[in-house]
Each structure stands twice: as C-alpha cells, then as structure tokens.
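Trainee: build the 3D model from these lines:
(2 chains)
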Amino acid sequence: MSKKKKIQSITGMSDILPDEIPYWQKIEEATKEVFGRYGFSEIRTPLLEDTALFARGIGEGTQVVQKEMYTFEDRGGDMVTLRPEGTASVVRSYIQNSLYAKDAITKLYYKGPMFRYERPQKGRLRQFHQIGAELMGVDSPLADAELVIMLARWVQCLGLKDVVLQVNSLGTVAERAAYLQDLTKQLEAKRDELCEECQERITKNHLRVFDCKNRSCQALCKGFPKLLDSLGEESKAEFNVFCDTLKEAKVEFSINPLIVRGLDYYEKTAFEFTCDALGSQNAFVGGGRYNNLVEELGGPATPAVGFGIGCERVVLIMQAQKAEQDASFQDGIYLIGLDENSFTLCRRLLQDLRDQGVFAEMDYNVKSMKSQMRRANKLRFKYAGIVGEEECKNNTVLLKNLESGEQEAVNVGDLGMSLVSGG
RNA sequence: GUGGGCGUAGCUCAGUUGGUUAGAGCGCCAGGUUGUGGCCCUGGAGGCCGGGGGUUCAAAUCCCCUCGUUCACCCCA
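Mentor: Below you'll find the predicted structure:
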C-alpha cells in the first residue's frame, strides 16, 4: 500500500459499487416499464442551472434554497447551482422548448443525481438520486390519482413490502394563506405555552407545530384548526374525488393532515410513501400538485402535478427486504490452459466464444490448474474448459460442468454450439 | 448549523489496571507429489492502531486538538 495520502470521495457523495448495481438496474427497469405504460416520456436536463431558477422556483424562504444549495460563480461570473431537485429544471425546459405547444397535456419523467449540502445520515446524502415525474396541463384530481396509482403499481413491481401511503390536501394558495393567518393568530395567543422550538415555528414553519414531539405542544395542537377541515367546498370535493379514485384502483392509503411539502410551489394534493425500514428519513416518495410554478417561471399558466422518488432510500428498502441470494452457477465458461501452448489456444478460443455471444473468461497468465479451477469456481462459472497437451493434440477441450462435476471431451469447433444449446 | 456514537489488516472486530516482535475470523495469494474447483489442512502477504500535539521511563490504551465516519435534530427524497 502506498504511503501517499489517500484521496477519498467528498463527504456525502458515495460510490455505487457493482454489488449494489442490480438494485439500481431493477429500479430503472421498473420505472421505464411502469411509467411508460402510463404515457410518460423521459427527459434529461443539465445538472447545472442558473441559480435564479431554483431561487424562484423552489422559494427564496425555503431551507433548501437558503442553506443547502451548491451554488458558485462560474468562470464567466454567472451564479450557477447544482440542481437540488428536478421539477424546476423540467419546468424550465418545458417552457424553453415550448413543449406545451405539442399537446395540452405533457407527461415527463427524469432520473439522475441531485445535490444538497446537508449533514449526511441514513437515507440522506449530499449527492443523491431521484426519479421524478411531472404531469403538466391538467388541473384534475384524476391526474393526481393517476400518478399515485402509477406509483403504487411501481412499488408493487419492485416488490417493496410494508409501504404506507399518506395523502393530504393543502388547499389552494388562497385557502392556505387564510388558514395560516388564522393558525398564526391562535398560535400567538398560546405562545407562552409552546416549547421554544415551536415558538420559532410560528414565524417560520407554522404547520410543523403539529408534529412537535413535545407533549404540551401536542395537547395544544388538538385545539387548533386543521388545514384539511378549513378547505373550501371545491377543494374538499376535489380531494374526495382523488381519494375515491385511489380506492377504485384498490390503492390503500391513509389521510394524514400533517403531510406538508417543504417546497413552496405545492398546493392542493400532497402525498408521501413511507417505509419503516428506512429509519428516521422514512419517506421515499414525496409529491403533490403545483399549479403556479410554470407561470412563476415565465411560462403560460399551466397546472401540474408531480413527485420525486429518493432512489437511495428505495435501495435501502430493497436491501433490508431482500430474499436470500442464490449462489447458483451462471451460464458461461472459464477456460483453463495448462501450459504455454494450451494457454495460447485458450486465448484464441476465448475470443471465438465471446464473438459467438458466450460469456467466457480466463486468466492472463499460465497458473497452476488448482489456481485456475479455484477462480472458475469462485466466479461461479457453470463450465470450465480445460486444455492441456492431450487436448491440444486432439483439438478438443475437456468441458467440465462445475455444478454436476461431469466432464467430457468436446471438439474445439463444437464448443460454442454445445454451450449455447446445453447452457 | 446543533448533539451523541465510532475510527486497530481488504471486511467484521478482539486487545485485560498504560508494559517486549499488535491478534482472531472471513477474504486474498500459494501449497497439500504427475492434469481437477467447492469442504478440509498448511503457509504467506497485508497495520506508523485516522492525523497532530501533550502526560509518562513507557501510549492502540490517558488528556487536548483536528480530520473522517455514523446516527439523530433541523429539514427533506
């Protein structure tokens, strides 16, 4: 090992190693398959955007914008930011490329890394990956429900267990503003009885008071009005349609009036998928409706609904719930050359087999048979192809099935065929 | 930004009240007589005990600082 100082990855930015890749590929396959079935097309946007996009889109006052963005000045003097979420970029692209002109309804999904400067913990990294979808051009609870149903099927497709879906309605911007004003008044009246943290929340995060762990705060909360109860008739009716549609599709959910979204643009429908396998950060999907964002970013007034999936969190669930890994043998052949001549023949054979579509491997140096056999077994190859003096002379390969232990001499020319048909 | 836990071999961890050449299991490599893997046996490589400073005759062990990591708060996917 070198004595030079080791360089390691940046805090909160981790490698996804080969062992973990199968989970990621399953997730990506399920996404392409399920989202495609619901009419969503993939879109890829840059990781780096004008800082103003997020400041305006997510909300100047949010914690994400104020404290968590990777923002810096580029060489030309412009302020740029590594995207902390995907929706703002998609909406920007939607406007910039006039996607609204192709059809009144636009369905897009994306996947990729996001960046937030936070303290890492279980299920939270500084570079993390999200899969998200946006349905633009429709203001209907049917669209909201469609997304949630799609997600439920996606969860099913991945085989995730013990998943809980919680839904809520935040009301329209006007309804929420009126409610918050009322709530603020009531909170102010009881200010002295609230804990220190909640006193701060009065001005910053009113709704968070509801899930304060402090017992006296909890007791007081029972007396405060709930946002869901204060909605107007229309919002309530829409929320009911949303819930009924989920029920029709046999999607189980519970109504949680405390579900709040952290980004400013959300209104009306809000939802979260959670799983206890995740620890403290237990939500792996969060989403909701945002009817003002497109206009806010300079596009035509366009209602929209969307969600974001935290991929690392999904991987955590899959790992926690994984079934026993089967250590079965995989199709393919490991070639073993016992001497220089045989080894050279094996190298040629290796290339032929690979060209025929066979998964084939071998060493780069002639080693003892024991050593080569051990590696064939370690890599879980179903077949070993042994070549020594005898085989060279007869132009054959001793094909050994490592699973059964049986072996037979096969003509070099027939090897590819017997592997393809017999494998 | 705040608080707690943990940094000893590639991995998981032992290491007694400070006391010789710092250990185990797994993994890796090589052998166990002629050309046969897994199981078993033997051997080997691999550690400035995260880094720096201090106390001491003596520090992996005690103290301080620092870095890293992890969990939680805040907040979020």
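
Trainee: got any ranges where the stretch 151-300 of chain A has weak pLDDT?
Mentor: Scanning the stretch 151-300 of chain A for pLDDT under 70 picks out the ranges A:204, A:212-215.

Trainee: please list the residues of it that sit near RNA strand B.
Mentor: Proximity of the stretch 151-300 of chain A to RNA strand B, by Cβ under 7 Å from any atom of the strand, involves residues A:197, A:201, A:204-205, A:208, A:213, A:260-263, A:272, A:279-286. All C-beta spots, glycine's among them, are computed from the backbone N, C-alpha and C.

Trainee: generate a PyMOL selection restricted to the buried subset of the residues you listed.
Mentor: Selecting in PyMOL just the buried members of those, where the criterion is 16 or more other Cβ atoms under 10 Å, is done with this command:
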select buried, chain A and resi 201+208+260+261+263+272+282+283+284+285+286
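
Trainee: among the residues of the stretch 151-300 of chain A next to RNA strand B, which are located in strands?
Mentor: Judged by DSSP state E, strands contain the following of these: A:272, A:283-286.

Trainee: of these, closest to RNA strand B?
Mentor: Nearest to RNA strand B among those, counting by Cβ to the nearest atom of the strand, is A:Gly286 at 2.9 Å.

Trainee: so what's the closest one closest to, chain neighbours aside?
Mentor: In space, and not counting its chain neighbours, A:Gly286 is closest to A:Glu272: 5.1 Å by Cβ to Cβ, 6 or more residues apart in numbering.

Trainee: from A:Thr11, how far off is that neighbour?
Mentor: 27 Å (Cβ to Cβ, to the nearest Å).

Trainee: swap in A:Ser254?
Mentor: A:Ser254 sits 37 Å away from A:Thr11, going by Cβ to Cβ.

Trainee: in chain A, which residue is most central in space?
Mentor: Against the mean C-alpha coordinate of chain A, by Cα atoms, centre = their mean, the closest residue is A:Cys311 at 2.3 Å.

Trainee: contacts only, for the closest residue to RNA strand B within chain A.
Mentor: For chain A, the nearest residue to RNA strand B under the criterion Cβ to the nearest atom of the strand is A:Gly262, separated by 1.5 Å. Taking Cβ atoms under 8 Å, 6 or more residues apart in numbering, we find A:Gly262 in contact with A:62-64.

Trainee: go again using 7 Å as the cut-off
Mentor: By Cβ atoms under 7 Å, 6 or more residues apart in numbering, the residues touching A:Gly262 are A:62, A:64.

Trainee: same question for the one 5 residues further on.
Mentor: Residues in contact with A:Glu267 (Cβ under 7 Å, 6+ apart) are A:170-173, A:176, A:289-291.

Trainee: what's it sitting at in phi/psi?
Mentor: Reported as degrees, to the nearest 10, the phi and psi values for A:Glu267 are phi -150, psi 170.

Trainee: just grab the bridge partners of it for me.
Mentor: Listed by DSSP bridges, the beta-bridge partners for A:Glu267 are A:Arg289.

Trainee: run a quick neighbour tally on A:Asp339.
Mentor: Using other Cβ atoms under 10 Å, the number of residues around A:Asp339 comes to 13.

Trainee: A:Lys393 in helix, strand or coil?
Mentor: In terms of secondary structure, A:Lys393 is helix; the call rests on DSSP: H, G, I helix; E, B strand; the rest coil.

Trainee: pull out the buried residues from stretch A:8-27.
Mentor: Of the residues in stretch A:8-27, those buried under the neighbour-count criterion (16+ other Cβ under 10 Å) are A:12, A:23-24, A:26-27.

Trainee: now, those that are in strands?
Mentor: Using DSSP E, none of the buried residues of stretch A:8-27 sit in strands.

Trainee: please list the members of these that lie in helices.
Mentor: Secondary structure of the buried residues of stretch A:8-27 is defined by DSSP state H; positions in helices are A:23-24, A:26-27.

Trainee: so for stretch A:405-419, what's the average pLDDT?
Mentor: Within the predicted structure, the mean pLDDT of stretch A:405-419 is 93.

Trainee: my read is that the residue nearest to A:Gly286 contacts A:Asn168, right?
Mentor: No. Here A:Glu272 lies out of contact with A:Asn168, judged by Cβ atoms under 7 Å, at a distance of 8.5 Å.

Trainee: shared neighbours of these two, anything?
Mentor: Shared contacts of A:Glu272 and A:Asn168 (Cβ under 7 Å, 6+ apart): A:Ile259.

Trainee: who touches the nearest residue to A:Thr274 once chain neighbours are set aside in this structure?
Mentor: Spatially, and ignoring its direct neighbours in sequence, A:Thr274 is nearest to A:Asn282 (4.5 Å; Cβ to Cβ, 6+ apart). Contacts for A:Asn282 (Cβ under 7 Å, 6+ apart) come out as A:274-276.

Trainee: and the strands in the stretch 301-423 of chain A?
Mentor: Using DSSP state E, counting those that start in this stretch, the strands of the stretch 301-423 of chain A run over residues A:304-310, A:330-337, A:360-362, A:381-387, A:396-401, A:407-411.
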